[in-house]
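1. Need coordinates for the following:
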Amino acid sequence: MDLDFTDSDRTFRDEVRTWLAEHVPREGRPTQRAAMRAFDLEWQRTQWDGGWAGISWPEEYGGRGLSLTEQLIWYEEYGRYDLPDIDARFVGISHAGPTLMARASDEQKAYHLPRILKGEVVWCQGFSEPDAGSDLASLRTRGHVDGDEMVISGQKIWTSYADIADWQELLVRTDPDVPKHKGITWIICDMHSPGIEIRPLETMEGESDFCEVFYNDVRLPLANVVGEIDDGWGVAMSTLAFERGTAFTLSQVQLSRIVEDLIDEARDRSAPDGRPLIRDEELARRLATARAEVASLRAMTYAAISRSRRQGSPGPEGSMLKLFFSDAAQRVYRLAFDIVGQDGLEYRSRSSAGGWSGKYLYSFSQSIGGGTSEIQRNIIGERVLGLPRG
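-> The predicted model follows:
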């Protein structure tokens, strides 16, 4: 691994730290959906106005064009604040935007990319279906060409922020008579189109970010197809490679901060015998293990960024980070309840400071979103270790 911080990097860190301290939102993120959307987009506009929008986007598309090392510094400093790691901006900034840059037409780029970066629109992702989640290529939502339009029929699920989104990156089956990884098309869907029905799904943590989306003969212009018809699988894989590469770096940084918060909690709270909880050998051991695990995540992230800097793009090793992070996060939040006890049962949203209940319940989704842990193990076995397919 070759990732040394230079004097220039340290100066850049000071610049980031100063700007965030002066501009990060002071009020809590609203839970009401329209207000949440407005809050997230306003924060994006603040970053745009300050010259910090799209830190990984090339300058030619209006981004900051930061190096991987500078992106890491940004995430490390951003993670000091109790802002959600995934919000209504996430798909546009981290999925749709990079995919459009790589595969869209000049007209599509010119229209959509500035609106994403300036905080004018929200995007969502129409990939997963009731019978096609981790096995994404089994999707059955149909799209057939009718003149200069594509007519969409079917259902998507687990579509985060669909209820407040303007646009969607949508995968549809356009040729059912070819192998399942072929005959798929990636198309831009206007979420205000006639025939779209959205049903929010309340999760066990009390949030309604996830939605079901039903498409009842929804007509979209063929001009919205990204890439070629029936060639959407390759477009989709460029999206997922980003998600499994650097997109979750912020989550890892924030988990490290949470472990330090728990250590402080253990110092401040007392056991029944009056001793600080930090003096309990078992709790101290688990806290030390948690700190070591987040340190390992940090080292793995550094190694992944160093590797990406050499290779030019994230590789399958990103699945190792995703898998280890998912398991570590669940262990950390279980440990939190052993420290805070019944105080953790007072429900607060996961985006609220001290909301242990919401964070614990949300942690279970970490081993599902972005590809289940089982899928990550398959990727590691086949593409990293070179093992034969099971």
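2. can I see the domain layout of the protein?
-> Using automatic domain parsing, the domain ranges for the chain come out as 7-85, 123-230, 244-384.
3. thought Arg89 was touching Gln44?
-> Yes - using C-beta atoms under 8 Å, Arg89 makes contact with Gln44 at a distance of 5.2 Å. C-beta coordinates here come from the backbone N, C-alpha and C atoms, glycine included.
4. Need the overlap of contacts for these two.
-> When contacts are counted by C-beta atoms under 8 Å, 6 or more residues apart in numbering, the set common to Arg89 and Gln44 consists of Gly119.
5. Helices along the stretch 251-390 of the chain, start to end?
-> Assigned by DSSP state H, counting those that start in this stretch, the helices in the stretch 251-390 of the chain fall at 281-311, 318-340, 356-363, 373-379.
6. Which one, of the domains of the chain, ends up nearest to Pro114?
-> Set against Pro114 and scored by C-beta to C-beta, the domains of the chain come closest in domain 7-85, at 6.0 Å.
7. Show the end-to-end separation of that closest one, please.
-> 28 Å (C-alpha to C-alpha, to the nearest Å).
8. what residue ranges in this structure are flagged as low confidence?
-> 1-3, 239-248, 308-315, 346-354, 390 (pLDDT under 70).
9. any idea which residue sits dead centre in it?
-> For the chain, the residue sitting closest to the mean C-alpha position, by C-alpha atoms, centre = their mean, is Ile86 at 5.2 Å.
10. Assumed that residue was part of a helix.
-> No - assigned with DSSP: H, G, I helix; E, B strand; the rest coil, Ile86 falls outside any helix and is coil.
11. pretty sure it contacts Ser160?
-> Yes - with contact defined as C-beta under 8 Å, Ile86 reaches Ser160; the gap is 7.5 Å.
12. about what we covered before: could you measure from the residue nearest to the centre of the chain over to Gly97?
-> 15 Å (C-beta to C-beta, to the nearest Å).
13. Turn the domains of the chain into TSV, columns for mean neighbour count and distance to Ala110.
-> Converted to TSV, the domains of the chain look like this (neighbours: other C-beta atoms under 10 Å; distance: least, C-beta to C-beta, whole Å):
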stretch	mean neighbour count	distance to Ala110
domain 7-85	16	10
domain 123-230	18	13
domain 244-384	17	24
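14. what would the ones you listed look like in CSV with distance to Ala104?
-> Shown next, in CSV, are the domains of the chain (distance: least, C-beta to C-beta, whole Å):
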stretch, distance to Ala104
domain 7-85, 11
domain 123-230, 5
domain 244-384, 18
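15. Please confirm that Glu205 is located within a helix.
-> No - under three-state DSSP, Glu205 sits outside any helix and is assigned coil.
16. can you give me phi and psi for it?
-> Note on Glu205: backbone dihedrals following degrees, to the nearest 10 are phi -90, psi 0.
17. where exactly do the strands run in the stretch 151-300 of the chain?
-> Secondary structure of the stretch 151-300 of the chain (DSSP state E, counting those that start in this stretch): strands at 167-173, 184-190, 196-200, 211-221, 225-226.
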